[in-house]
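> Below is the structure, and that's it, no one-letter string:
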Ligand code: KIV
Ligand code: NA
């Protein structure tokens, strides 16, 4: 069991402590991210893109989220593990949302789930909360709505709608809320008006916390560089050079040398 809990996570806002969250999708990376000291690890359905190679998050299944959720929980000692509910695992009915979110909590050991929506998902957020399944909401740009909205990552500027969405999620019982691709003054206002922590991605500096896709911030996803993204490393280059050096060594017979061989 992780030492971070949903109530502690939610209380950070009242203490004025910013929350750092990153995604992870497997044991190795979750272990590193957790030991480095984030508050929460999101098993995001972005795994459909960065792990599976799909162009959207839509194909991801509940069984796949559970598979990755288990691996991340095994690697995590301190952070709160939150698992995304994938497309169509919660939209059909609150009952189905409880069944699927319940499977995630029971089968992975994660602490909470996340779903996309505010007003449209208020009933479902309330149903999950009433079943003691902690829910993080997600408003602004919602990647699972890509077919309806037509393009990826557009900045959201409809202040009244965004505030109403965020307030609906809070009123329904969400313990936190992701704000994705929202102009900074609007996410600042939402953050001020909500009691629950706001976790921004492309939503400016005034959110209560931030989240990034691990592969993106480590510079593994070559060619993907939206304005909000900061590369904290260039792992693509480091891994490429390492693999090239290894292959050269093998071909030239310089690896393994005596130091790396058994006599
Ligand atoms: O799936 C994901 O990684 C997410 C974050 C980017 C918020 O939902
Ligand atoms: Na997601």
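Ah, there it is. If you're wondering where the values come from, they're calculated on a predicted model, not measured in any experiment. Ligands and ions are numbered 1, 2, ... in the order given.
> CA atoms for contacts and neighbours, from now on please.
Will do.
> quick one: stretch 129-137 near ligand 2?
No. Using CA under 5 Å from the ion, stretch 129-137 stays clear of ligand 2, coming no nearer than 10.3 Å.
> In that stretch, which residues are buried?
129, 133, 134, 135, 136, 137 (16 or more other CA atoms under 10 Å).
> now swap in stretch 250-263 and tell me
residue 255.
> for ligand 1, what are the nearby residues on the stretch 101-250 of the chain?
The stretch 101-250 of the chain comes close to ligand 1 at residues 212, 213, as judged by CA under 6 Å from any ligand atom.
> Name the residue of the stretch 101-250 of the chain that lies nearest to ligand 1.
Going by CA to the nearest ligand atom, ligand 1 is nearest to residue 213 of the stretch 101-250 of the chain, at 5.4 Å.
> if I look at that residue, how far off is ligand 2?
10 Å (CA to the ion, to the nearest Å).
> isn't that residue right next to residue 23, touching?
Yes. Using CA atoms under 8 Å, residue 213 makes contact with residue 23 at a distance of 5.1 Å.
> Can you name the residue of this protein nearest to ligand 1?
For the chain, CA to the nearest ligand atom, closest residue to ligand 1: residue 44, 3.2 Å.
> got a list of what that residue touches?
Taking CA atoms under 8 Å, 6 or more residues apart in numbering, we find residue 44 in contact with 23, 24, 25, 83, 84.
> ditto for residue 165
117, 118, 119, 139.
> quick one: residue 113 from ligand 2, how far?
10 Å.
> Same question for that residue, what's its three-state structure.
Judged by DSSP: H, G, I helix; E, B strand; the rest coil, the three-state class of residue 113 is strand.
> Then the one 10 residues further on?
Reducing the assignment to helix, strand or coil with three-state DSSP, the entry for residue 123 is helix.
> What is the burial count for it?
17 (other CA atoms under 10 Å).
> coming back round to it: which one of residue 213 and residue 23 has more residues nearby?
Using other CA under 10 Å as the criterion, residue 213 and residue 23 rank with residue 23 on top: 26 against 20.
> which residue packs closest to that one, ignoring adjacent ones?
Among residues not flanking residue 23 along the chain, residue 42 sits closest, at 4.4 Å (CA to CA, 6 or more residues apart in numbering).
> so what's that neighbour up against?
Per CA under 8 Å, 6+ apart, neighbours of residue 42: 21, 22, 23, 24, 81, 82, 83, 84.
> State whether residue 241 is indeed within a helix.
Yes. Counting by three-state DSSP, residue 241 is found in a helix.
> before we move on, back to that, go through the contacts of residue 42 and name the one nearest ligand 2.
residue 84 (5.8 Å; CA to the ion).
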